[in-house]
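Asker: Need a 3D model of the following:
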Amino acid sequence: MNQSKALSLALRPWNCPIRCIVTVRKRIYLDISSAERPIPGNSVLRHLTSKIKSTGPISVAEYMREVLTNPVTGYYVQNDMLGPDGDFITSPEISQIFGELLGIWCLSEWMGAGKPSHLQLVEFGPGRGSLISDVLRVFSQLSGALGGATVSVHLVEVSPKLSQIQAQCLSGDQSRVSASEDEPVYRQGTTAAGLPISWYRNLDDVPRGFSVYLAHEFFDALPIHKFQRTEKGWREVMVDVDPEEPDKLRFVIVPAPTLASTQLIQSDEKRQHVEVCPEGGVIVQRLANRIAGDGGAALIADYGHDGTKTDTFRGFKGHKLHDVLASPGSADLTADVDFSYLRKMAGAMVACMGPVSQRSFLKNMGIDTRLQVLLRNCADPSTRAQLIHGYDMLTNPAKMGERFQFFTMLNHIRLTGPEPKQPELGAKMAPVPRKAPAPLPVAGFSELGLS
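Answerer: Here you go, the predicted structure:
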């Protein structure tokens with residue numbers, strides 16, 4: 001039996017309430033009848049129109065940055081946007097099996113790397129803390145597999161509001177905020193299992209060391225630049241004020257090349273319209289540098305494509321599609337992740353695998369086996385129906401199964417194994433050591449049987 005499925009079967013049947021909500025896609029639509037939340041006195045729109053009138057059209061990347069992460073009015077800074085009362089809901093809230101299997105993946109990669117004495121779990125944009133909570137529950141149930149290794153938790157979160165929700169979920173009252181806003185660690189605490197947990201605003205502040213990085217629905221919210229191929233070459237799509245309606249914004253194609261249009265387009269690009277996320281590229285390069293130097297792995301899961309899609313920029317409000325330029329600051333903005341771009345940015349520093357569909361990844365991780373174990377130990381008809389519904393939402397190709405993609409970056413040694421040590425010159429010939437075992441397969445990215 002392979003390692004990841006053995007870990008999955010070792011989990012206890014179930015020990016907490018089920019999260020399962022009727023959904024359709026990533027920024028999931030819910031059938032809710034509640035009235036729309038009032039738009040805060042459109043200070044974001046006033047700020048943007050004033051800025052554009054003063055300096056000219058702004059890039060889509062600058063527009064997203066202002067709307068989502070402005071320290072005063074940003075959508076992610078001011079709102080709790082997750083859940084039935086928010087604007088979207090994510091896989092960890094659909095079914096806890098999702099987080100369980102990612103927890104098994106983290107353990108599997110730690111084992112595949114030789115079981116280092118310390119493991120850092122790092123998550124980007126942890127939402128309400130549901131995913132890392134499920135991962136930590138797996139670690140607690142399979143604590144024997146960890147031996148004497150120490151585990152610490154590190155969360156990269158820009159939203160003070162969400163960090164409070166995460167802290168309550170993960171550590172209850174056992175967390176405190178740093179006295180100075182300039183501290184790299186702005187919140188610290190202890191989980192229910194006694195693990196140290198810290199919050200950071202960016203990756204650079206997270207300590208170096210062997211780490212498993214999780215980024216679930218993180219890269220799709222990073223700012224993108226949009227470009228259109230024209231008769232005169234590539235031109236950037238920007239955001240401008242509509243001259244006929246000064247309180248509305250519109251897209252324009254700027255007539256002259258911009259720095260972005262001359263630097264960000266790949267020479268072999270065949271598409272007519274392209275979205276590029278340079279900030280995502282920088283983060284991937286930093287992750288690759290850390291993984292190459294310190295060991296570890298990164299698992300990126302998001303709606304995305306492998307360099308095939310064009311215009312994917314969209315907004316979500318109240319679980320419905322929303323005009324990206326209407327009422328800025330009142331809706332979430334997102335764009336599909338171009339995994340071919342992330343692969344190019346990672347370069348040769350690390351080994352990359354994927355993207356593979358969420359359906360393939362979860363089935364390779366043993367979701368069918370895990371579901372059957374849970375159903376056999378569950379007599380409540382309502383709970384059984386929720387388990388089956390959550391499974392369908394996560395794996396059905398017409399729902400989330402094919403739209404969501406998984407991508408990983410690994411240290412090269414993870415796939416090749418360490419080189420045998422050569423004897424020093426003049427040293428006596430030692431007995432030929434036994435051949436090291438072949439590296440373990442990477443869970444989730446290949447079909448692994450139960451034999």
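Asker: what's the burial count for L287?
Answerer: Neighbours of L287 under the rule other Cβ atoms under 10 Å: 26. Every C-beta, even on glycine, is put in place using the N, C-alpha and C of the backbone.
Asker: What of Q3?
Answerer: Q3 has 17 nearby residues by other Cβ under 10 Å.
Asker: Quick one, grab the pLDDT at the closest residue to it other than its chain neighbours.
Answerer: Spatially, and ignoring its direct neighbours in sequence, Q3 is nearest to S108 (5.4 Å; Cβ to Cβ, 6 or more residues apart in numbering). At S108, the model reports a pLDDT of 95.
Asker: Do I have it right that S108 meets S4?
Answerer: Yes - the pair S108 / S4 is scored as a contact, 4.6 Å apart, by Cβ atoms under 8 Å.
Asker: Need the residues touching each of these two.
Answerer: Common contacts of S108 and S4 (Cβ atoms under 8 Å, 6 or more residues apart in numbering): A443.
Asker: before we move on, which element is the residue nearest to Q3 in?
Answerer: Element membership of S108 [criterion: DSSP states H and E] is helix 96-112.
Asker: quick one: average confidence on the helix or strand that that helix is followed by?
Answerer: Going down the chain from helix 96-112, the next helix or strand is strand 118-124, by DSSP H and E. Strand 118-124 shows a mean pLDDT of 98 in the predicted model.
Asker: The helix or strand following strand 118-124 vs helix 96-112, what angle?
Answerer: Note on strand 118-124: by DSSP H and E, the next helix or strand toward the C-terminus is helix 130-141. Angle of helix 130-141 versus helix 96-112, following axes from the mean of the first three to the mean of the last three Cα atoms, to 10 degrees, is 60 degrees.
Asker: Please, where are all the strands along the stretch 201-350 of the chain?
Answerer: With strands called from DSSP state E, counting those that start in this stretch, the stretch 201-350 of the chain shows them at 211-216, 225-230, 233-242, 245-253, 273-276, 296-305, 314-317, 320-322, 332-334, 337-338.
Asker: tell me the most buried of these?
Answerer: Compared across the strands of the stretch 201-350 of the chain, strand 337-338 shows the largest average neighbour count, a mean of 28 (mean count of other Cβ atoms under 10 Å).
Asker: And for that strand, what's in contact with it?
Answerer: By Cβ under 8 Å, 6+ apart, the surrounding residues in contact with strand 337-338 are 219-220, 275-277, 280, 300, 302-307, 309, 405.
Asker: what's the most distant pair in these?
Answerer: Within the contacts of strand 337-338, two members stand farthest from each other by Cβ to Cβ: V276 and Q405, at 17.6 Å.
Asker: check contacts around the residue nearest to Q3.
Answerer: Neighbour list for S108: Q3, S4, L7, L440, A443 [criterion: Cβ under 8 Å, 6+ apart].
Asker: pretty sure G147 contacts K115?
Answerer: Yes - applying Cβ under 8 Å, one finds G147 in contact with K115, separated by 6.8 Å.
Asker: residues near D392, how many?
Answerer: D392, neighbours per other Cβ under 10 Å, totals 15.
Asker: C169 versus the closest residue to it other than its chain neighbours, what's the distance?
Answerer: Nearest residue to D392 in three dimensions, chain neighbours excluded: K399, at 7.0 Å (Cβ to Cβ, 6+ apart). Distance, K399 to C169, using Cβ to Cβ, to the nearest Å: 26 Å.
Asker: Helices of the stretch 351-451 of the chain, residue ranges please.
Answerer: Applying DSSP state H, counting those that start in this stretch to the stretch 351-451 of the chain gives helices spanning 358-364, 367-376, 381-395, 412-416.
Asker: what does the first one contact?
Answerer: Residues from elsewhere that reach helix 358-364, judged by Cβ under 8 Å, 6+ apart: 91, 98, 101, 301, 356, 394-397, 400-406, 443-448.
Asker: what's the burial count for D173?
Answerer: There are 8 residues near D173, going by other Cβ under 10 Å.
Asker: Helix, strand or coil: sort out it for me.
Answerer: coil (DSSP: H, G, I helix; E, B strand; the rest coil).
Asker: and the gap between it and A167?
Answerer: For D173, the distance to A167 equals 9 Å [Cβ to Cβ].
Asker: cool, L195 as well?
Answerer: From L195 across to A167, the span is 14 Å (Cβ to Cβ).
Asker: So for the two, which sits in the more crowded spot?
Answerer: A167 (23 against 18).
Asker: Look up the closest residue to that one, ignoring the ones flanking it.
Answerer: Leaving out its chain neighbours, the residue that sits closest to A167 by Cβ to Cβ, 6+ apart is S175, at 4.2 Å.
Asker: What about A260, how many residues nearby?
Answerer: Count around A260 with other Cβ under 10 Å applied: 19.
Asker: My guess is it contacts H225. True?
Answerer: Yes - the criterion here is Cβ under 8 Å, and A260 meets it with H225 at 4.8 Å.
Asker: Find residues that contact each of those two.
Answerer: Both A260 and H225 are contacted by S59, A61, E236, V276, P278, under the criterion Cβ under 8 Å, 6+ apart.
Asker: Kindly present the residues you listed as TSV, with separate columns for pLDDT and distance to L342.
Answerer: Formatted as TSV, the shared contacts of A260 and H225 follow (pLDDT from 0 to 100; distance: Cβ to Cβ, whole Å):
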residue	pLDDT	distance to L342
S59	98	20
A61	98	16
E236	98	21
V276	98	11
P278	98	11
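Asker: Only the C-alpha atoms, please, for stretch 115-129, written as PDB.
Answerer: Extracted in PDB, the C-alpha atoms of stretch 115-129 (Å, rounded to 0.1, in the frame of the first residue of the first chain):
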ATOM      1  CA  LYS A 115      11.700  13.200   7.800                       C
ATOM      2  CA  PRO A 116      13.600  16.400   8.800                       C
ATOM      3  CA  SER A 117      13.700  17.100  12.500                       C
ATOM      4  CA  HIS A 118      11.700  20.300  12.100                       C
ATOM      5  CA  LEU A 119       8.700  21.000   9.800                       C
ATOM      6  CA  GLN A 120       7.300  24.500   9.100                       C
ATOM      7  CA  LEU A 121       3.700  24.500   7.800                       C
ATOM      8  CA  VAL A 122       3.300  27.800   5.800                       C
ATOM      9  CA  GLU A 123       0.000  28.900   4.300                       C
ATOM     10  CA  PHE A 124      -0.700  31.900   2.100                       C
ATOM     11  CA  GLY A 125      -4.000  33.600   2.500                       C
ATOM     12  CA  PRO A 126      -5.500  31.200   5.000                       C
ATOM     13  CA  GLY A 127      -9.100  32.500   4.700                       C
ATOM     14  CA  ARG A 128     -11.000  31.600   7.900                       C
ATOM     15  CA  GLY A 129      -8.400  29.100   8.900                       C
END
